[in-house]
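1. structure of the sequence below:
(one chain, ligands or ions: 3)
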Amino acid sequence: MKVRNTIETPKEVQLSLVSSLFDNSSTLLKGMVVHILAYAVVFHKTGDPIYLLVSLAFMVVFASRILLFRRFARADKSTLTVADIRRWEIRYVIGAASTAAVLGIGCGYSILVYEDTFVELASVAVAMASMVSIVGRNYGSRLAVNLQTFACCAPIIVGAFLANDPYKAVLSAMLIPFMLTTEAMAKSLREFLHENVVASRDMKTIADRFDTALNNMTHGLIMLDTENRIQVINRKACELLHLGERNRLKGYDLDVALRYGVRHTVVGGSLPGMIQRQLTQLMDGSLSRAVMTFSDDLVLEFSASRRPEGGVVLIFEDVTARASAERKILHMVRYDSLTGLPQRNHFAELVAERVSEQEDIAAAALLLLDVDGFRHVNDTKGYTAGDRLLVAIGQRLQQLAHGEVVGHLVGDQFIVFGTNRDGLDSLIERLRRIHADLCGTYELDGMSFRVSFSAGCMAVDPAVASMEEWQIKLDLALFESKSRGGGRLTFFAEEMDARYVERQRLQDDLRDAIENGALSVAYQPMFLPDGSRIACCEALARWIHPTKGSIPPNIFIPLAEDMGIAAHVTHLIVDTACHAAAAWPENVAVSVNLSVQDLRTDTILQVVRDALSRSGLSASRLHLEITETSLIEELATARSILEALRAMGITIAIDDFGTGFSSLSYLDSLPADVVKIDRSFVRNITGDSRRLKLLEGIVNLSRQLDLKIVIEGVESKEQLALINQHRCADLIQGYVYSTPQSAEDISNLLERTRKKGRGGRAYVA
Ligand code: C2E
Ligand code: CA
Ligand code: CA
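-> Residues are numbered from 1 along each chain as shown. Ligands and ions are numbered 1, 2, ... in the order given. As a prediction, this is how the structure comes out:
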C-alpha cells in the first residue's frame, strides 16, 4: 500500500504518525547524554573549544526539544486540525534536524581538522549511531528522516572532501547509499504503521457498529464458547434475565450468571429443573427451540444455533404476553366456561395423566352421568335456571368425587374417572354412592329442583387408555339406563353393543316407514257401557316391518320420540284418522294419541286444522289423547296449546290416567274434558274389593270435576258387569267389546251398529 501524502491521509492516521515522533523522549535523553559525553571527552583530549560549542549546542537543542515534547504531550489531540498536526511535525523536524546537523558538523569538523584516531572514531561513531536510530524513531515523518539524514551526512561528506584525503572522500561517498537505504527503510516502516493504523481504525468502526447492532436488538443474545462460558452478551439479554452490567459477565459460566439473575430477581432460588434441562438440550443441540417459564411474569422463547468453531449462540425474546394469552385460550379450550370443569378432550388428557402418574392402580372405572329431563328445566324454568343448576351439579359432583378426575361433557352430561388401589368392588361401590348422592334436591334462588341422573358405568383397563372406545360403551350403558326410565345406573355389557346396532337399524327402518307412509292405523271402539253404540274410536298406529313383522307401538312410538320424529307420526295418524272418521256416522268421534313432543310447539294446531279442513270432519268429532306425564313436563306451553285446541271445539282426553305421579292432586287444573282411566285400575277389581273402591274413588272425583270417564282395558264380562253395576264409566274401551280393528272392519262394524239401532248388540267380542 502506498502512503498517501498528508493531505489525503486521514487526520487520525496523520495524528498517530506524528504522535509516534513524540513518543520516544527517553531515547532522546539517552542519545543526548551520549552525544554530550562523547564531545566532552573529545574536548578534554583536544582542548579544542569547537567541541565545547558542539556540546553546548546539543544541550540547547535538547532543552528546546524536551520543551516541545512536553507541549505536545499536553496538547488536546482531539481538537487538532490537519494544519496543526502538520505544524507539530515541522516543529519536531526542526529540532531533530538541528540535532543531526550539530552531529554532522561535529563529525565533519573532526574528519577535516584532526588526524587523531580517537577524535575521528568518537565523532563518527556518535554520528553513525544516531543515524542508525533515526529510522526507528522518526519513520512517522518522511521529512524528519530525510532532513536529519541530510543534515548529518552533508557536513561529514563536505569535511571528508575538504580533508584532501582521497580515501576519506571515497569513504564519505559511501554515505550516499546509506542515506538512500535509511530513506527506504523509513518509508516501509511508515507504510506498515499506516496500514496498521487504518486497519485498527476500520476494526474499531466494525466493532462499534457490531456493538450498536447487538445492543439495539429486540432479542437477547448470548454467545457461548465450548465450555458454555459467556463470550458475548447484549444489553437486552442482561435486561431480560436481570443479569446487571453486561461487561462484567464476560467469561462467566452461563449457569452461574443465570443463577445470579434468578436469585436476585426472577424466581428466587436455584434454576428450576425444567429450565436447566431445556438449557442443556439447547446447548448440546438436541433442542433448537424452547419456551422457558422463569416465572408468571417472565416467559422467554430461546433458539440456539451452534457455532462452526464450537459453542452456541442463544437468541431469546420475551413471550410473556403471548404465553399468558395462550394460557388463557388454552384454559378456555380445556375447561367449560359454565361449570369450570374440564371439557371432553382435556378430561381425556387428565385421565391419561392420572394413569401414567399412579403406578399402583388396581382398578379404574368410568361413570357417565346424564341429568334426567334436563331439557324441560330449560324449557320450563328458563336457560339461566338451567345453567345455574348445571353449575350446582358440577360443584356437588366435585365434592362427592373428590380425588377422582371429573369432567363436563356436552350439555347435561358429566363424567368421573375413578381409580382405586384396593380393587374394583370398592371402587364401584364408591361410584354408586357418588351417583346416589348426586341425585336429590337442588335449591337455587328460592327454586327447588328434584334432579335424578341416568348413569352408565364401566370398569376400564388403565393400561389401554382409549377414551373414544370407552365413551361409546359408556354411552350405550347410559342409553340403557335412560330407556329403562332414568334414575338408574347401568353397567356396560357386551350385548348392549348388538342391541345398539339393532336399534340403529330399527330407527333407520322407522324413518323410511314414516317417509313412505308405511304406517297404518287400527281403530279400537269405545262403547257406551251397555254396548249399545260406538261413541268413539281410538286410532292406534300400526307398523308392519318388512322382515320383522308387526312392531308394537309401545316399541316404535318411544323410538320415534327419541329420534325427535314423533310429530311426523302424529301428523300421519291425525290425517288418516280424520279422513276415515269423516266417512263414519255423525255421532261417532275419532280419538288420536298425541306425543309429548306435540305439546312443545304449536305446529300441532296447524296440523289439526289442516287435517280437519282436508277431511271435512267437524272439530267436535275429533278427540286428542294426552298423557299426564306430558302435561307435567311441559305445563305452560302444553296448557296453551290444549286451550287453543279446545277453543277449536276439539275434545281433550287425559290418557292412562292414574299412572302418572301426581294425578289426583291437580286433576282439576288440567285443560281436559275426558279422563281415560288406565287399565291397571281395572285389572283386579273382580278379586280385590279395595281395587274397586280405588276405581270408584277416581271416578267420583272426576265426575265432580265435570270430566267424562272412559275405562280402558276392560277384558272380561265380570269386569264389565262390576263397572256397570257401580256406574263407573261413560264409555268402555276394551277387548270385552272389541280389539283394535282395521279401518275397513271398523267401517263394517259401524255400519252394522247403525242398522241394528239402539238395544242391539253392537260389539265384536
Ligand atoms: P293406549 O293409548 O293406552 O292405547 C290403548 C292400548 O291398549 C292399545 O295398545 C290397545 O290395543 C290396548 N288395549 C285395548 N283394550 C285392551 C284390553 O282390554 N286389554 C289389554 N291388555 N290391552 C288393551 P296398542 O295399540 O299396542 O298401543 C299401545 C300404546 O301405543 C297406546 O296405548 C299408545 O300409548 C301408543 N300409541 C299407539 N298408537 C299411537 C299413536 O298413533 N300415537 C301415539 N303418540 N301413541 C300411540
Ligand atoms: Ca290412548
Ligand atoms: Ca290408554
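2. tell me which parts of the stretch 601-750 of the chain are close to ligand 2?
-> Residues of the stretch 601-750 of the chain that fall close to ligand 2, judged by C-beta under 5 Å from the ion: 625, 655. C-beta: built from backbone N, CA, C; applies to glycine.
3. so where do the strands sit in the stretch 601-750 of the chain?
-> Assigned strands in the stretch 601-750 of the chain, in chain order: 622-627, 651-657, 674-677, 708-712, 731-733, 741-742 (criterion: DSSP state E, counting those that start in this stretch).
4. now the ones you listed in CSV, with mean pLDDT and mean neighbour count?
-> Formatted as CSV, the strands of the stretch 601-750 of the chain follow (pLDDT from 0 to 100; neighbours: other C-beta atoms under 10 Å):
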stretch, mean pLDDT, mean neighbour count
strand 622-627, 95, 24
strand 651-657, 93, 23
strand 674-677, 94, 26
strand 708-712, 96, 24
strand 731-733, 97, 25
strand 741-742, 96, 16
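5. same list, the ones you listed, but as JSON lines with distance to residue 130 please.
-> Compiled in JSON lines, those are given as follows (distance: least, C-beta to C-beta, whole Å):
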{"stretch": "strand 622-627", "distance to residue 130": "132"}
{"stretch": "strand 651-657", "distance to residue 130": "137"}
{"stretch": "strand 674-677", "distance to residue 130": "142"}
{"stretch": "strand 708-712", "distance to residue 130": "144"}
{"stretch": "strand 731-733", "distance to residue 130": "147"}
{"stretch": "strand 741-742", "distance to residue 130": "146"}
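6. just checking, what packs against the one helix or strand residue 500 maps to?
-> Residue 500 is part of helix 494-515, with elements assigned from DSSP states H and E. Secondary-structure packing of helix 494-515 (3 or more C-beta pairs under 8 Å, 6 or more residues apart in numbering; DSSP states H and E): helix 467-483, strand 534-545, helix 553-563, helix 566-581.
7. for residue 314, which of the ones you listed is the nearest?
-> Among the helices and strands packed on helix 494-515, helix 467-483 comes nearest to residue 314, with 39.4 Å by C-beta to C-beta.
8. how far out from the middle of the chain is that closest one?
-> Relative to its chain's centre, helix 467-483 lies at 30 Å (C-alpha atoms, centre = their mean, to the nearest Å).
9. elements contacting it?
-> helix 344-357, strand 363-371, strand 453-460, strand 489-491, helix 494-515.
10. residues touching it, excluding its own?
-> Helix 467-483 has contacts (C-beta atoms under 8 Å, 6 or more residues apart in numbering) with 347-348, 351-352, 366, 368, 370, 372, 415, 454-458, 460, 487-493, 496-497, 499-500, 558.
11. can you say which of those residues are buried?
-> With burial judged by 16 or more other C-beta atoms under 10 Å, the buried subset of the contacts of helix 467-483 is 347-348, 351, 366, 368, 370, 372, 415, 454-458, 460, 487-492, 496, 500.
12. re earlier: so is the helix holding residue 500 next to ligand 1?
-> No - if you take C-beta under 6 Å from any ligand atom as the test, helix 494-515 misses ligand 1, and the best it gets is 11.5 Å.
13. list the buried residues of that helix.
-> Buried residues in helix 494-515, defined by neighbour count with 16+ other C-beta under 10 Å: 496, 500, 503, 506-507, 509-510, 513-514.
14. checking residue 403 next. Helix, strand or coil?
-> Using DSSP: H, G, I helix; E, B strand; the rest coil, the structure places residue 403 in coil.
15. what's the neighbour count on it?
-> Residues lying near residue 403 (other C-beta atoms under 10 Å) number 8.
16. could you do residue 209 as well?
-> Using other C-beta under 10 Å, residue 209 has 10 neighbouring residues.
17. now the helix or strand that contains it: mean pLDDT?
-> Per DSSP H and E: residue 209 is located in helix 175-215. Helix 175-215 shows a mean pLDDT of 85.
18. what helix or strand is residue 118 on?
-> Element membership for residue 118 (DSSP H and E) is helix 117-138.
19. quick one: that helix to chain centroid distance?
-> 86 Å.
20. for the residue of the stretch 351-500 of the chain found nearest ligand 2, grab the count of nearby residues.
-> Proximity of the stretch 351-500 of the chain to ligand 2 (C-beta to the ion) peaks at residue 485, 19.5 Å away. Residues near residue 485, counting by other C-beta under 10 Å, number 10.
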